[in-house]
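Q: I would like the atomic coordinates for the input below:
(one chain, ligands or ions: 2)
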Amino acid sequence: MEAKEQGLLIVLSGPSGVGKGTVCAALRKRDVPFTYSISVTTRPPREGEVDGVNYFFKTKEEFENMIKRDEFLEWARYVNHYYGTPRRYVEEQLNAGRDVLLEIEVQGALQVKKKFPQGIFIFLVPPSLKELEQRIVSRGTESRDVIHNRMVVAREELEMMKHYDYVVVNDKVELACDRIEAIILAEHCKRERMMKHYITALKEAE
Ligand SMILES: Nc1ncnc2c1ncn2[C@@H]1O[C@H](COP(=O)(O)OP(=O)(O)OP(=O)(O)O)[C@@H](O)[C@H]1O
Ligand SMILES: Nc1nc2c(ncn2[C@@H]2O[C@H](COP(=O)(O)O)[C@@H](O)[C@H]2O)c(=O)[nH]1
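A: Ligands and ions are numbered 1, 2, ... in the order given. A predicted model of the protein is given here:
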């Protein structure tokens with residue numbers, strides 16, 4: 001029986017408020033064929049957020065037990081809360097040949113890069129820092145203190161974009177989606193070409 005080719009692991013990072021969630025939702029509406037990994041967090045739900053849909057909301061103790069049981073592909077502390085990607089779901093989906101998208105911050109993305117160097121690492125940037133702050137403020141979900149802390153982290157995160165394969169500007173949501181779709185398509189084509197090349201080389205060696 002032929003082994004199923006693994007799906008692509010797509011990692012989308014970027015400072016808080018840049019529009020990762022908005023762009024992901026728009027990509028899902030376009031039926032871009034990827035499955036979205038739902039993260040675990042200790043941050044309290046925002047108004048309208050649903051457990052098991054936006055996040056799996058856990059207590060600090062529950063999260064720390066999950067760390068001990070090695071249930072995360074990656075995890076990080078971000079502005080006073082834990083965030084982590086459940087390992088099993090991601091591995092099952094990739095093994096079933098489905099592309100998986102992780103929407104995670106930079107420390108976690110760098111952990112994933114060590115485990116999955118073949119992943120696609122995309123960093124979403126705002127048109128300007130002023131626009132970034134405006135977006136977090138206008139979302140209206142965070143206190144002034146939290147916004148301040150997230151902006152401090154944002155400056156550090158922007159320094160880390162050099163570790164990513166692609167930098168995408170989120171000026172307009174639909175344009176950012178076009179760019180990300182083009183990247184995913186190009187990566188699939190590249191992988192297919194490499195596979196064909198490899199199979200030809202194997203046949204020639206026979
Ligand atoms: N291209 C855009 N132009 C204008 N506003 C945008 C754009 N993209 C997103 N927004 C708005 O910016 C705010 C933040 O977006 P979103 O919540 O998707 O960011 P995020 O990167 O997922 O944030 P976090 O990391 O904090 O979860 C939202 O109010 C959203 O509607
Ligand atoms: N390392 C991880 N970071 C994650 C994960 N899920 C979300 N995030 C990132 O955390 C910040 C804050 O998110 P918010 O929902 O509180 O605004 C943001 O950058 C997310 O992308 C995860 O599993 N691991």
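Q: Which pLDDT value belongs to residue 195?
A: Turning to residue 195, the model gives it a pLDDT of 76.
Q: Apart from its neighbours in sequence, what residue is nearest it?
A: Of all residues not flanking residue 195 in the chain, residue 5 sits nearest, at 7.6 Å (CB to CB, 6 or more residues apart in numbering). (Glycine included, C-beta is placed from N, CA and C.)
Q: just residue 72 next, same as before
A: residue 84 (4.1 Å).
Q: what's the next secondary structure element after the helix or strand hosting that neighbour?
A: Per DSSP states H and E: residue 84 is located in strand 81-86. Sequence order places helix 87-95 as the next helix or strand after strand 81-86, per DSSP H and E.
Q: Tell me which strands whichever helix or strand comes after that next one pairs with, and in which orientation.
A: Next helix or strand after helix 87-95 toward the C-terminus (DSSP H and E): strand 99-103. Using DSSP bridges, the strands paired with strand 99-103 are strand 9-13 (parallel), strand 34-36 (parallel).
Q: can I get the ones you listed in JSON lines with mean pLDDT?
A: Below are the strands paired with strand 99-103 laid out as JSON lines (pLDDT from 0 to 100):
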{"stretch": "strand 9-13", "mean pLDDT": "97"}
{"stretch": "strand 34-36", "mean pLDDT": "93"}
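Q: quick one, which of these is nearest to residue 201?
A: strand 9-13 (25.3 Å; CB to CB).
Q: Please see if whichever helix or strand comes after the closest one touches ligand 2.
A: Sequence-wise, the next helix or strand downstream of strand 9-13 (DSSP H and E) is helix 20-29. Yes: under the criterion of CB under 6 Å from any ligand atom, ligand 2 is reached by helix 20-29 at residue 20.
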